[in-house]
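Novice: Pasting the sequence and the predicted coordinates here, then a few questions.
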Amino acid sequence: GAGVSQTPSNKVTEKGKYVELRCDPISGHTALYWYRQSLGQGPEFLIYFQGTGAADDSGLPNDRFFAVRPEGSVSTLKIQRTERGDSAVYLCASSLAAQGEQYFGPGTRLTVT
Amino acid sequence: DAKTTQPNSMESNEEEPVHLPCNHSTISGTDYIHWYRQLPSQGPEYVIHGLTSNVNNRMASLAIAEDRKSSTLILHRATLRDAAVYYCILWGGSNYKLTFGKGTLLTVNP
């Protein structure tokens, strides 16, 4: 079946611009996670959704970052006033239940120039 | 979160077994030991997990020390497609987020 998909695969934007990154989880998976991975590091947790609500957003670095999942399926990670330090690969994962095996998408590589 | 320690890198030859170690001396009784791997330019993928007993699946085997303070991921016959970063992660209780370290970069030589 279809895995987790993320669009776009690559995004280049100028400093100060707004970007949206999309995640399509596996159908039926109620839990959705966003992670961020900098070069040479392991992924770092950003936010976790259970259904439509953000159950834990403690990993979001600051208030420029926001994520939504209005219908409990597709999620969008939104970054305002992008900074060069936001450049990273943004990974989305989904799981059938909160503590189940997580299935990751291929990521979106964000480059802020 | 309990911490894991892995070697930065390891090297293997194709079709030979590979033993990837992980130390987790502060593991709690409810922590499962999970392994994920990340192939180049891809997201991480689940490999295997266990609690106390050794585990086998189609991808690998997991050997867990009797005191649970260390574990070893075993790839029985490494292939070039197994070249990846392997992450050992403790996960349990009410935890839902994965806490990744830097993992072990496995290089497989032809």
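Specialist: In hand now; what should we look at?

Novice: Next up, phi/psi of B:T5, please.
Specialist: Per-residue torsions, B:T5: phi -120, psi 130 (degrees, to the nearest 10).

Novice: make that A:R84, sorry
Specialist: With angles defined as degrees, to the nearest 10, A:R84 sits at phi -60, psi -30.

Novice: And the pLDDT at the residue lying closest to it once chain neighbours are set aside?
Specialist: Nearest non-adjacent residue to A:R84, counting by CB to CB, 6 or more residues apart in numbering or on different chains: A:V112, 5.0 Å away. In this view, the C-beta of every residue, glycine as well, is placed from N, C-alpha and C. At A:V112, the model reports a pLDDT of 98.

Novice: How many neighbouring residues does A:A55 have?
Specialist: 13 (other CB atoms under 10 Å in any protein chain shown).

Novice: nope, B:N56 is what I was after
Specialist: The local packing of B:N56 (other CB under 10 Å) involves 13 other residues.

Novice: show me what contacts it?
Specialist: Contact partners of B:N56, counting by CB atoms under 8 Å, 6 or more residues apart in numbering or on different chains, are B:L62.

Novice: Could you rerun that using 10 Å?
Specialist: Contacts for B:N56 (CB atoms under 10 Å, 6 or more residues apart in numbering or on different chains) come out as B:I48, B:G50, B:L62, B:A63, B:I74, B:H76.

Novice: likewise A:D63?
Specialist: A:Q80.

Novice: now it: how far from chain B?
Specialist: 20 Å (CB to the nearest CB, to the nearest Å).

Novice: tell me the contacts of residue 36?
Specialist: Answering for chain A, as no chain was given. Contacts of A:R36 (CB under 10 Å, 6+ apart): A:43-46, A:59-61, A:65, A:77, A:86, A:88-91, A:107, A:110.

Novice: wrong chain, I was asking about chain B
Specialist: Counting by CB under 10 Å, 6+ apart, B:Y36 touches A:42-43, A:101-102, A:104, B:43-49, B:84-89, B:98, B:100, B:103.

Novice: In strands, which of these fall?
Specialist: A:F104, B:E45, B:Y46, B:V47, B:I48, B:H49, B:A84, B:V85, B:Y86, B:Y87, B:C88, B:I89 (DSSP state E).

Novice: about what we covered before: the residue nearest to A:R84 is in contact with A:R64, isn't it?
Specialist: No. Using CB atoms under 10 Å, A:V112 makes no contact with A:R64, being 11.6 Å away.

Novice: Run through chain A and note the low-pLDDT ranges.
Specialist: Within chain A, the segments meeting pLDDT under 70 span A:1.
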